[in-house]
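*Asks:* I would like the atomic coordinates for the input below:
(chains A and B, ligands or ions: 1)
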Amino acid sequence: MTRSTVALDDVTVNNLGTFKIINEVCLPTTYPDSWYENSVKLPSEVSQLAFYSELPVGAIQGKLINLSHKIPSFEVATSILMNTKLKIVHDALYIESLAVLPAYRGKGVGSKLLEWIIEQTKERFVHEIALHVHVDNKEAIEWYKKKGFQQQEEVVKDYYKQQELPNPDAYIFKMTV
Amino acid sequence: MVARKPIFAHKEDANAREALTLYEAKQYKKALKLVDQNLKKNLSHAESLALKGCCNYQLGHKSEAENYILRALKNGSTNYLVNHLAGIYYRNVENYPEAAIWYKAAVDNGSHNTPILRDLALLQLQTRDYKNLRECRQKYLESQPGFRANWTALAVSHHLNKDFDAAVSTLDKIEGIIKEHLQEQDMYEHSECVLYKISIIFETGNVARALEELEAKSDEIRDRLSFLEMKANFLLLLGKQKEASLIYRQLLQRNPDQASYYQSLEIALGTSNEAPEIRLKLYDKLSSFYPRADPPKILPLSFLPASHPEFKKRAADYVLTQLKRGVPAAFVNIKPFYNDHHKASVILSIVQEFFENEINNFPPPVFVWANYFLAQHYLYVNQLDKALCYIDTALEHTPTLVELYILKARIVKHSGDFIEASHIMQKGRSLDLQDRFINSKATKYLFRANKVEEAIDCVSLFTKNDDDAANGLGDLQVMQSNWTLVESAEGYSRLYYEQCALAKQEGIESEKSTETMDLAEIYLGLALKRFMSVLKVFQVYENDQFDYHSYCMRVGTTRDYIEMVKWEDKLHSTPIYVRAIRGFTKLLQEVRVELLNSETDETVSKEKKKRNVKKIKQINVKKKNEVMARVQPSPKDEDPLGQKALNEFREANKLLSQLESLVKQLSLEAANYLFTWDLAYDFYKHEKKYVLALQALRSWSKIVDPQNKKLRVVGNRVLDLQSAVEQDGSVNVAIAKVVQKGLESAFPELSEGQENLLSVYSH
Ligand SMILES: CC(C)(COP(=O)(O)OP(=O)(O)OC[C@H]1O[C@@H](n2cnc3c(N)ncnc32)[C@H](O)[C@@H]1OP(=O)(O)O)[C@@H](O)C(=O)NCCC(=O)NCCS
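*Replies:* Residues are numbered from 1 along each chain as shown, chains lettered A, B, ... in the order given. Below is the predicted model of the structure:
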């Protein structure tokens, strides 16, 4: 199938349930309900749904941060605290979630979502994209590398501890856009 | 309105005349002042009383209005002015039968006001008083012959009286008169009148004349579609097959998606009974003319037998194309052929083979839709485990597709788990809160799970809620959403029975059972109230036609008008209405049994009455507030829990008259329902009207069961009636004989013994 069968649309209060279910079935981590609510409330959040032949199959969410802000754990990354410090100067876009339903992977959906968020980043006059990946998530690690992300030296210890993942450490990936 | 004034002899009369003028100018307050002056001097001045009634109505003092009208009529029942005002009043309150009586009285008592005739005619139409209508239309036409609408209206009155010749000749006459004066803007009305006339001629059975007229007037007919359809049909009926086929081909060119044209074309070509191969050739040719049309592809599937190799080939073509394109309705489209189970298994094998051999060559959505199709198939053939298996596979594959949740909920509902079904539906709804369809489904499933208030909250997300309304109940009534009203009534009924059963378990006299019965009482009231709101909606449908009696004549849409009248005459056979009456009368019977029990047993009666008094008070404080908080009725509602209505039904007269009017209404309009005669039989038997009960049994076996299937339910009722009459000591001997004779002649098996009857009526 060609890429034209993939389309994007906004996340809204009405389709939050769809966003949620995509993350639930694709990701081992659990996002609190408040996180979903904020995704349509807070202006610092950028999120998007992807459709394949009109079926919702993928979603991405990111937010603007300052890179000096330490993110020691998944819970901090997804908490409100990260967003309320309005005075800080944003210098990066942090990807909080990216997921495509297994049956629809390898068909360009993830790439399209990534392209979209790169555009969003540039439009906000920010030129850095950052994210955490679980050290065991070989697939995603390979994928981000292929997409031009650089793996940082630093390993964040126990990043996924509260999420109860085995080997709870995370790598940091960055890309300049 | 009132035009010609009577002669006034007294001062009061002069005042009344002035008040009348003010009334007509809608100066109701001023008119009322004058009238009040009059009534101070002369308390029984009829015109003033009538005017006061009308003014009160217009000023919103509706509860006081009728009293004045009644007093006015008492003092001046032969005064045509009073008659007319009474007529106006009753028309305003939509009591059309009463309004018709007083308009008629105004005419009979010497009013020369011609508009009264027109208004009277509208009321006669509303009340279906066709006999008097004719005379009224005739008189009005004589006073106003310059309008075509009045001629048409007279013709309609003849037509409704089945006097076809008079109707046609009236229409002919005005056609002749108006011929030279027709202008461009008159041509639509003219065209409709001509088509109306032709349809009446057709109705007389004189098809040749109808065709002749149609062809002669071809140039004057604007509605070309009707022209062609009528012409083709007439030709076919007259045996002019060749000509008919040409017209059907013309019709197909206009609209190749109309399946009936293909079927008619086949009749004209005489291929309907030919071998499938021959018919296939025809459809293939038509399909090449109209490649985008559905009927030429799907109709062959109905005449090709399942064993024909072409059936499988074409069905596969049809189904798989849709699956590959991701058409959600693929199963629904092919379902019509499932009435032949051989075809159903061929269709299953098509999809299964595709699923096993080819599915991997297609993008992922095709896999989902194929699973979705198979789940629907197994639901249809009631293999729920398999259905569940396929739908779960689909859900695991694409858990974001709303349709899958709807289907899974349906499957689970069929397995009897209403609660789980409603959870699944709610989950599906959460994926897209803007989807009105799944919102309605989720609502329905909540009702089925007896979560009535939650259901109302759910559907209220899509209603227009007034500022002071906590939910959309009011809007649902205004929007005439019968299904939600019926579902909520049925939900409350189930809750009522649930509480009754619970109370029985708890033991009649226990403290706890009193509380349970309180709740039962509340649910009963609510259920009655919701059923009655459906009755109200249908009353609105009935009243709504009033405006069309004049409107359709004025704009010249006579054919549609006749269709509407026919539809209204069968209004109460609408399935949702019959369903509502079924639930409503079942509850009324409960109330009736309760009444009968308290009548027969004096001691219980007193005990019960005492309890009732206590009960109503208790409900007030505790349970009532609790339920009110959940139901959240509109603050304007005077009987929020239906308790008032329920207590009214506890008076036998009100209950019986309600039941009787429903029995009569359904017997007349919904004679094809088994339920109608079930209800009628029960009612008449209880009322000891045995001859009418016999009549109901006869209609049951004749109208509902014309194939003479000999239903057991009927057989049981026959014996029931026989023994009821035998055991009733008070029954008149002659009547008992009539019933026995009637039973034996309608059910001859009875004379050979009861067992014989039951062995025949065993289905
Ligand atoms: C990572 C993920 C979002 C990628 O989405 P996707 O829609 O499958 O990705 P795409 O189809 O757009 O991939 C496009 C490219 O990546 C390649 N690719 C796909 N899967 C890959 C993999 N596992 N490893 C390496 N490359 C891969 C494709 O071949 C394609 O290459 P091309 O552009 O050279 O043709 C998806 O696999 C996913 O949801 N994984 C699970 C959730 C997850 O781990 N998310 C990241 C958490 S931060």
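
*Asks:* and the residue of the stretch 101-250 of chain B nearest the ligand?
*Replies:* residue B:225 (51.6 Å; C-beta to the nearest ligand atom). All C-beta atoms are positioned from the backbone trio N, CA, C, and that covers glycine.

*Asks:* Count the residues that sit near residue B:228.
*Replies:* Using other C-beta atoms under 10 Å in any protein chain shown, residue B:228 has 17 other residues around it.

*Asks:* host element of it?
*Replies:* Element membership for residue B:228, per DSSP states H and E: helix B:224-237.

*Asks:* next one: residue A:62
*Replies:* With DSSP H and E as the criterion, residue A:62 is inside strand A:55-65.

*Asks:* Please apply the same query to residue B:349.
*Replies:* Following DSSP H and E, the helix or strand that holds residue B:349 is helix B:341-357.

*Asks:* and the helix or strand just after that helix, C-alpha only, in CSV?
*Replies:* As assigned by DSSP H and E, the chain's next helix or strand after helix B:341-357 is helix B:364-380. This file holds the C-alpha atoms of helix B:364-380, laid out as CSV (Å, rounded to 0.1, in the frame of the first residue of the first chain):
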residue,chain,number,x,y,z
PRO,B,364,-4.3,-5.4,7.4
PRO,B,365,-7.8,-3.8,7.3
VAL,B,366,-9.0,-6.6,5.0
PHE,B,367,-8.1,-9.1,7.7
VAL,B,368,-10.3,-7.2,10.2
TRP,B,369,-13.2,-6.9,7.9
ALA,B,370,-13.1,-10.6,7.0
ASN,B,371,-13.1,-11.5,10.7
TYR,B,372,-15.9,-9.1,11.2
PHE,B,373,-17.9,-10.7,8.4
LEU,B,374,-17.4,-14.2,9.8
ALA,B,375,-18.4,-13.1,13.2
GLN,B,376,-21.6,-11.7,11.8
HIS,B,377,-22.2,-15.0,9.9
TYR,B,378,-21.9,-17.1,13.0
LEU,B,379,-24.0,-14.7,15.0
TYR,B,380,-26.7,-15.1,12.3
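
*Asks:* sorry, back to before: now do the helix holding residue B:349 against helix B:364-380: the angle between them, please.
*Replies:* Counting by axes from the mean of the first three to the mean of the last three C-alpha atoms, to 10 degrees, helix B:341-357 lies at 150 degrees to helix B:364-380.

*Asks:* Quick one: list the elements packing against helix B:341-357.
*Replies:* In this structure, helix B:341-357 makes packing contacts with helix B:309-325, helix B:364-380, judged by 3 or more C-beta pairs under 8 Å, 6 or more residues apart in numbering or on different chains; DSSP states H and E.

*Asks:* OK, contacts around residue 12?
*Replies:* Picked chain A for this. residue A:40 (C-beta atoms under 8 Å, 6 or more residues apart in numbering or on different chains).

*Asks:* Let me rephrase: I mean chain B.
*Replies:* Contacts of residue B:12 by C-beta under 8 Å, 6+ apart are B:38, B:41, B:42, B:45, B:48.

*Asks:* Out of the residues you listed, which end up buried?
*Replies:* Among those, those classed as buried by 16 or more other C-beta atoms under 10 Å in any protein chain shown are B:38, B:45, B:48.

*Asks:* Let's have the helices and strands packed on helix B:341-357 in JSON lines, adding mean neighbour count, distance to chain A and mean pLDDT.
*Replies:* Below are those laid out as JSON lines (neighbours: other C-beta atoms under 10 Å in any protein chain shown; distance: least, C-beta to the nearest C-beta, whole Å; pLDDT from 0 to 100):
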{"stretch": "helix B:309-325", "mean neighbour count": "17", "distance to chain A": "10", "mean pLDDT": "96"}
{"stretch": "helix B:364-380", "mean neighbour count": "22", "distance to chain A": "5", "mean pLDDT": "97"}
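
*Asks:* where does chain A dip in pLDDT?
*Replies:* Across chain A, the ranges flagged by pLDDT under 70 are A:1-4, A:80-87.

*Asks:* What about residue 103, how many residues nearby?
*Replies:* Answering for chain A, as no chain was given. Quick note: residue A:103 (other C-beta under 10 Å) scores 16 neighbours.

*Asks:* um, chain B though
*Replies:* 28.

*Asks:* how long is stretch B:269-276 from one end to the other?
*Replies:* Start and end residues of stretch B:269-276 are separated by 14 Å (C-alpha to C-alpha, to the nearest Å).

*Asks:* Buried ones in the lengthiest helix in chain B, by neighbour count?
*Replies:* For chain B, the helix with the greatest residue count under DSSP state H is helix B:511-544. Neighbour-count burial for helix B:511-544 flags B:513-535, B:537-538, B:541 (criterion: 16+ other C-beta under 10 Å).

*Asks:* elements contacting it?
*Replies:* Counting contacts by 3+ C-beta pairs under 8 Å, 6+ apart, helix B:511-544 packs against helix B:473-478, helix B:482-506, helix B:575-600, helix B:602-621, helix B:623-631, helix B:643-649.

*Asks:* mean pLDDT for the ones you listed: which is lowest?
*Replies:* When the helices and strands packed on helix B:511-544 are ranked by mean pLDDT, helix B:602-621 comes last with a mean of 50.

*Asks:* Contact partners for the residue of chain A found nearest chain B?
*Replies:* Proximity of chain A to chain B (C-beta to the nearest C-beta) peaks at residue A:17, 3.5 Å away. For residue A:17, the contact set (C-beta under 8 Å, 6+ apart) comprises B:429, B:430, B:431, B:432, B:433.

*Asks:* same thing with residue B:558?
*Replies:* Counting by C-beta under 8 Å, 6+ apart, residue B:558 makes contact with B:152, B:156, B:192, B:193, B:196, B:552.

*Asks:* Format these as JSON lines; extra columns: pLDDT.
*Replies:* Below are the contacts of residue B:558 laid out as JSON lines (pLDDT from 0 to 100):
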{"residue": "B:152", "pLDDT": "96"}
{"residue": "B:156", "pLDDT": "98"}
{"residue": "B:192", "pLDDT": "96"}
{"residue": "B:193", "pLDDT": "96"}
{"residue": "B:196", "pLDDT": "97"}
{"residue": "B:552", "pLDDT": "94"}
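
*Asks:* so which of those residues comes closest to residue B:263?
*Replies:* residue B:196 (26.7 Å; C-beta to C-beta).

*Asks:* mind checking the SS state of that closest one?
*Replies:* Three-state assignment for residue B:196 (DSSP: H, G, I helix; E, B strand; the rest coil): helix.

*Asks:* how many other residues sit next to it?
*Replies:* Neighbours of residue B:196 under the rule other C-beta under 10 Å: 24.

*Asks:* so it makes contact with residue B:171?
*Replies:* Yes: between residue B:196 and residue B:171 a contact is recorded at 7.1 Å, counting by C-beta atoms under 8 Å.

*Asks:* Overlap in contacts, those two.
*Replies:* Listed as contacting both residue B:196 and residue B:171 by C-beta under 8 Å, 6+ apart are B:152, B:155.
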